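*Asks:* got a predicted model here, sequence first, then my questions.
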Amino acid sequence: MKVLLTGGAGYIGSHTAVELLKAGHDVIIADNFSNSKKEVLNRLKEITSVSIPLYEVDVANKEEVEKIFSENKIDAVIHFAGLKAVGESTSIPLKYYRNNIDTTLTLLEVMQEHHVNNFVFSSSATVYGVPEKLPLVEGMPTGCTNPYGWTKLMNEQILTDVAAANPDLSVVLLRYFNPIGAHESGRIGEDPSGIPNNLMPYISQVAIGRRDKVHVYGNDYNTKDGTGVRDYIHVVDLAKGHVAALEYADSHKGTEIFNLGTGNGYSVLEMIETFSRVNQVAVPYEIVARRPGDIDACYANADKAYEKMHWRAEKNLEEMCRDTWKWQSNNPLGYELEK
Ligand code: NAD
Ligand code: UFG
């Protein structure tokens, strides 16, 4: 299939591009580089030996998106493009709603005009809100605590409604848990701009000396050691989940939701300890106050993805920590070229 990856220069999109090419698909990337660097394309070429066609566009802009579909015979879209910082979304909600909703609406309109019927969407475990029960199963109640989360849930609703009205359309909603790690080559990885919001990039920036210590947000949660528990998944496993989802969409109509997680929950302290042990690096930390909006624990039941798509995560926490460190230590400043 020829697959358009919106946001394909980003963290998850770039790893998915590699796995799609490996599986024999063709890939086109559309990105406005609002949260990524053009150097990603050079690295993808190094890894895959393919020059991936790039459209530097805002995916909310219909004319620009129209051009991509007119110039290429696209079979499927994987829609990664979106703003993703939970905290920022509470201070500039309008920007989040505009960007994250408009991109989906534009894509759906243009896809309809060009009779493109496969849509895979990057949703998030955040749509489960504060879990009543763990592990999380796809049919459990949803609800959000911040504008970012609402954009994911609203997109899920929009896509479900549009698929219900168009019997030719296939929609796969992928609820990611916590992606970490990097490609085994150490050439692509997560490159947050500014101070990382997420735990793993923060740990690796402390380990490389860019930051003093990890701030552990609270040790009085109702968990094994009091720190927050999450379901961390290797980004390459997650990327392979998209290959499976694409193949599933191509052979099933309607909407389907899948959790993409491992089913294992690790605490913040376990993450710091494992990273430090596996990579033989010091990771100083300090317990500080809870971060507003955080929940005790969140992990998946990922059985449905295995039953229906024959996909499951294969890499363990040690591999996630090792690959994160390979990327971070080979690229201390991320994609910024060394001076
Ligand atoms: P990322 O920021 O690295 O990638 C997103 C890409 O989209 C970036 O390259 C950015 O430049 C691009 N983009 C944003 N708005 C755009 C627009 N209007 N037009 C064109 N390009 C645009 O993020 P990621 O971690 O790779 O996440 C990919 C998707 O997965 C996002 O939708 C995110 O919300 C979702 N998600 C991420 C996580 C996570 O922890 N990383 C968890 C759950 C869901
Ligand atoms: N944490 C710290 N210190 C930090 C960063 C995080 O102690 O510097 C803790 C958090 O309190 C939490 C855990 O580490 O207990 C994980 O936090 P992350 O910010 O890495 O991840 P979250 O689970 O809070 O959220 C992430 C994404 C969301 C997404 C969600 C589910 O940021 O966008 O996973 O996929 F919705």
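*Replies:* Looks like it came in fine. Ligands and ions are numbered 1, 2, ... in the order given.

*Asks:* from here on, just use CA atoms for contacts and neighbour counts.
*Replies:* Will do.

*Asks:* buried set for the worst-scoring helix or strand of the chain on mean pLDDT?
*Replies:* None of the helices or strands of the chain scores lower by mean pLDDT, DSSP states H and E than helix 86-91, at a mean of 95. For helix 86-91, the neighbour count (16 or more other C-alpha atoms under 10 Å) marks 86-89 as buried.

*Asks:* ok, and of those residues, which contact ligand 2?
*Replies:* Restricting the buried residues of helix 86-91 to those near ligand 2 by C-alpha under 6 Å from any ligand atom leaves residue 86.

*Asks:* out of the buried residues of helix 86-91, which comes closest to ligand 1?
*Replies:* Distances from ligand 1 to the buried residues of helix 86-91, taken as C-alpha to the nearest ligand atom, are shortest for residue 86 (9.2 Å).

*Asks:* residues in contact with stretch 135-142: which ones?
*Replies:* 127-129, 257-259, 263, 298-302 (C-alpha atoms under 8 Å, 6 or more residues apart in numbering).

*Asks:* among those, which ones are in strands?
*Replies:* Among the contacts of stretch 135-142, the members found in strands (DSSP state E) are 257-259, 298.

*Asks:* nearest to residue 245 among those?
*Replies:* Using C-alpha to C-alpha, residue 258 comes nearest to residue 245 of these, at 8.8 Å.

*Asks:* how about that closest one: what's its closest non-neighbour residue?
*Replies:* residue 174 (5.1 Å; C-alpha to C-alpha, 6 or more residues apart in numbering).

*Asks:* tell me what that neighbour is bridged to.
*Replies:* residue 122, residue 258 (DSSP bridges).

*Asks:* quick one: the helices in this structure?
*Replies:* Counting by DSSP state H, one finds helices in the chain at the ranges 11-22, 39-48, 62-71, 86-91, 93-113, 147-165, 199-207, 235-251, 268-279, 303-309, 317-330.

*Asks:* take the contacts of stretch 135-142 and lay them out in a markdown table including pLDDT.
*Replies:* Below are the contacts of stretch 135-142 laid out as a markdown table (pLDDT from 0 to 100):
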| residue | pLDDT |
| --- | --- |
| 127 | 98 |
| 128 | 98 |
| 129 | 96 |
| 257 | 98 |
| 258 | 98 |
| 259 | 98 |
| 263 | 98 |
| 298 | 98 |
| 299 | 98 |
| 300 | 98 |
| 301 | 98 |
| 302 | 97 |
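
*Asks:* identify the spatial nearest neighbour of residue 111, chain neighbours not counted.
*Replies:* Leaving aside its chain neighbours, residue 111 sits nearest to residue 117 (7.0 Å; criterion: C-alpha to C-alpha, 6+ apart).

*Asks:* quick one: neighbours of the one you found, just the number.
*Replies:* 22 (other C-alpha atoms under 10 Å).

*Asks:* make JSON lines from the buried residues of helix 86-91 and add distance to residue 322 to it.
*Replies:* Converted to JSON lines, these look like this (distance: C-alpha to C-alpha, whole Å):
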{"residue": "86", "distance to residue 322": "27"}
{"residue": "87", "distance to residue 322": "28"}
{"residue": "88", "distance to residue 322": "30"}
{"residue": "89", "distance to residue 322": "31"}
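
*Asks:* spatially, what comes nearest to residue 302 if we skip its sequence neighbours?
*Replies:* What sits nearest to residue 302 in space, not counting adjacent residues and going by C-alpha to C-alpha, 6+ apart, is residue 259, at 5.5 Å.

*Asks:* contacting residues for that neighbour?
*Replies:* With C-alpha under 8 Å, 6+ apart, residue 259 has these contacts: 125, 137-138, 174-177, 300-302, 304-305.

*Asks:* out of the residues you listed, who's nearest ligand 1?
*Replies:* residue 176 (4.7 Å).

*Asks:* hmm, residue 123 and that closest one touching each other?
*Replies:* Yes: under the criterion of C-alpha atoms under 8 Å, residue 176 makes contact with residue 123 at 6.3 Å.

*Asks:* residues from the stretch 151-300 of the chain in reach of ligand 2?
*Replies:* Residues of the stretch 151-300 of the chain lying near ligand 2 (C-alpha under 6 Å from any ligand atom): 176-178, 197-199, 202, 214-217, 228-229, 268, 291, 294.
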